[in-house]
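Undergrad: this is the structure alone, sequence omitted:
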Ligand code: C2O
Ligand code: CU
Ligand code: CU
């Protein structure tokens, strides 16, 4: 009996791991996988909130007719305040976990899925063993215990599965929830006026079952695009609102689709928050580009509207610069929608994401604050490599999406991915070039990549668009939110983006990857390691 079987056969692979931590290894995908000591609760850790979170297959009446098979997270409160969690009514998505900055949380994750899984807390600054690295994935029937203190700024974070090669399908089947660190900002809409909007595109067959990618490499390479939008896991995307001011916490929880969000009443999109919480002050944009993984908090005032009015949040058409290598032929996959083309290949169509129907002539009008929060800028000259930023080339090589020519290896870290604790660095991300001086090759396959780093929030310090194709740029240029703290940003073909980041508090391996989940599953993901 080999070690893997031993671990499998004893339900107490867990106990085994705890007893003999240094002996505990099993292999996945030929890679050694250390088993962390996180299978039992820490006695002297006193959580403010203690919950059980179970990932399980189930079925749901989403449409008339057949029920839809989905995956869902079920939450059970073990101890703590009931306000610490919230269900999204009538939805498989969620739940919403609510905490305050400085609170401690324990999450007992139980995997009842047919395949291995792990929960990643997207945007949180927590130790590597708690972050949901794919090497900590557990099998069906196993439990993993997350225990951490929440030190992030108040903001809208989220959680989703992160197993190697199968993150895309698990998120697609319904696993995603919000992790909100609450603020006590009394100047912002709260309670029923603080509304999450999780936007995802999906495709269903005639018997109401989810359709994922056709199993071919080209399909995976392009990423999944659905033909209808669900908001908060619901195909009915109409919301009743009153003549009030709202705070919408928008998450692009789609696998691959990028949205160009705009109101149809010709008002600007007023952004008050990014991935890492509130901005310094509100930012107005004619439209907002929101790539998979990104969050934006949007202020919207319906107070001047008459009842009966319906206002739409749309996604406008744009050219995303995708080229599958035919001499730069653009596919412009920015569109689709309620009535999207199956492949979303057609350019020039705006689609409706959500409708807000003013049904009540009462409520609460609020004035937009001129200041929202304090953001201490990272000074680029403090970076140890300010003269010579690390460069990360995101490109396609022999039908593989790669970062500096490499794909994911479970625990692999190259020298160019090792950083020192308590240092500030500048990293530069480049799309459309392979870093070997060949420039933007006309026949190179290229696509947008939403770049995401685990374990920290960073600041965007430069977006160089000199290499981007003109018509692509013209169609997206006013939509980039580079203010505030970010953990994910959109890197369009031809773009170079510089970020400033600080490695603090924790040592170990975190991953960074493309948040197009199909690209991630194909291996457009790597480890970086913080060394003490
Ligand atoms: Cu939301 Cu590693 O991802
Ligand atoms: Cu993440
Ligand atoms: Cu990508």
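TA: Done, it's in. Since this is a predicted model, take the numbers as computed values, not measurements. Numbering: from 1, shown residues only. Ligands and ions are numbered 1, 2, ... in the order given.

Undergrad: contacts and neighbour counts: CA atoms only from here.
TA: OK.

Undergrad: past the helix or strand hosting residue 198, which element shows up next along the chain?
TA: In this structure, residue 198 sits in strand 194-202 according to DSSP states H and E. Next helix or strand after strand 194-202 toward the C-terminus (DSSP H and E): helix 217-222.

Undergrad: show me which residues of that following helix are buried.
TA: In terms of neighbour count (16 or more other CA atoms under 10 Å), helix 217-222 has its buried residues at 220-222.

Undergrad: what residues does the stretch 401-532 of the chain have near ligand 3?
TA: 449, 514, 516, 519 (CA under 5 Å from the ion).

Undergrad: surely residue 423 touches residue 503?
TA: Yes - in terms of CA atoms under 8 Å, residue 423 counts as a neighbour of residue 503; the distance is 5.7 Å.

Undergrad: what about these two, which has more around it?
TA: Applying other CA atoms under 10 Å to residue 423 and residue 503 shows that residue 503 carries more neighbours, namely 20 against 15.

Undergrad: shouldn't the more buried one be in contact with residue 531?
TA: No - using CA under 8 Å, residue 503 makes no contact with residue 531, being 9.4 Å away.

Undergrad: closest point of the stretch 51-200 of the chain to ligand 2, which residue?
TA: Relative to ligand 2, the nearest point of the stretch 51-200 of the chain is residue 122 (3.6 Å; CA to the ion).

Undergrad: what pairs with that residue across the strands?
TA: residue 158 (DSSP bridges).

Undergrad: break the protein into its domains for me.
TA: 3-36, 49-182, 191-360, 380-531 (automatic domain parsing).

Undergrad: residue 374: which of these is closest?
TA: Nearest to residue 374, of all those, is domain 191-360, at 5.6 Å by CA to CA.

Undergrad: check contacts around residue 45.
TA: residue 147 (CA atoms under 8 Å, 6 or more residues apart in numbering).

Undergrad: then residue 292?
TA: Residue 292 is in contact with 252-258, 450, 515-516, counting by CA under 8 Å, 6+ apart.

Undergrad: one more: residue 82?
TA: With contacts defined as CA under 8 Å, 6+ apart, residue 82 has no neighbours.

Undergrad: distance check, it against residue 179.
TA: From residue 82 across to residue 179, the span is 15 Å (CA to CA, to the nearest Å).

Undergrad: same question, residue 321
TA: According to CA to CA, residue 321 stands 32 Å off from residue 179.

Undergrad: the nearest residue to residue 90 once chain neighbours are set aside bridge partners, please.
TA: Closest residue in space to residue 90, ignoring its immediate chain neighbours: residue 234 at 7.7 Å, by CA to CA, 6 or more residues apart in numbering. On the basis of DSSP bridges, residue 234 is bridged to residue 231.

Undergrad: what's around residue 234, how many residues?
TA: For residue 234, the number of neighbouring residues by other CA under 10 Å comes to 20.

Undergrad: okay, and the residue of the stretch 51-200 of the chain found nearest ligand 3 sits in which element?
TA: Closest approach between the stretch 51-200 of the chain and ligand 3, counting by CA to the ion: residue 168, at 12.4 Å. According to DSSP H and E, residue 168 maps onto helix 167-172.

Undergrad: isn't the residue nearest to residue 90 right next to residue 63, touching?
TA: No - contact criterion CA under 8 Å: residue 234 and residue 63 do not qualify, at 9.6 Å.

Undergrad: which parts of the stretch 1-150 of the chain are helices?
TA: Listed in chain order, the helices of the stretch 1-150 of the chain (DSSP state H, counting those that start in this stretch) span 3-9, 13-19.

Undergrad: beta partners for the residue in the chain that ligand 3 sits nearest to?
TA: Nearest residue of the chain to ligand 3, counting by CA to the ion: residue 449, 3.7 Å away. Under DSSP bridges, the beta-bridge partners of residue 449 are residue 491.

Undergrad: number the residues from 862 up from this point.
TA: Yes, from this point I'll number from 862; that puts the last item at residue 1310.

Undergrad: rewinding a little: what about the residue of the stretch 912-1061 of the chain closest to ligand 3, how many neighbours?
TA: The number of residues near residue 1029, taken as other CA under 10 Å, comes to 28.

Undergrad: and it, what's its pLDDT?
TA: Per-residue pLDDT puts residue 1029 at 97.

Undergrad: just residue 883 next, same as before
TA: In the prediction, the pLDDT value recorded for residue 883 is 33.

Undergrad: now the one 3 residues further on
TA: Here, the pLDDT recorded for residue 886 equals 40.

Undergrad: thanks again, I'm all set now.
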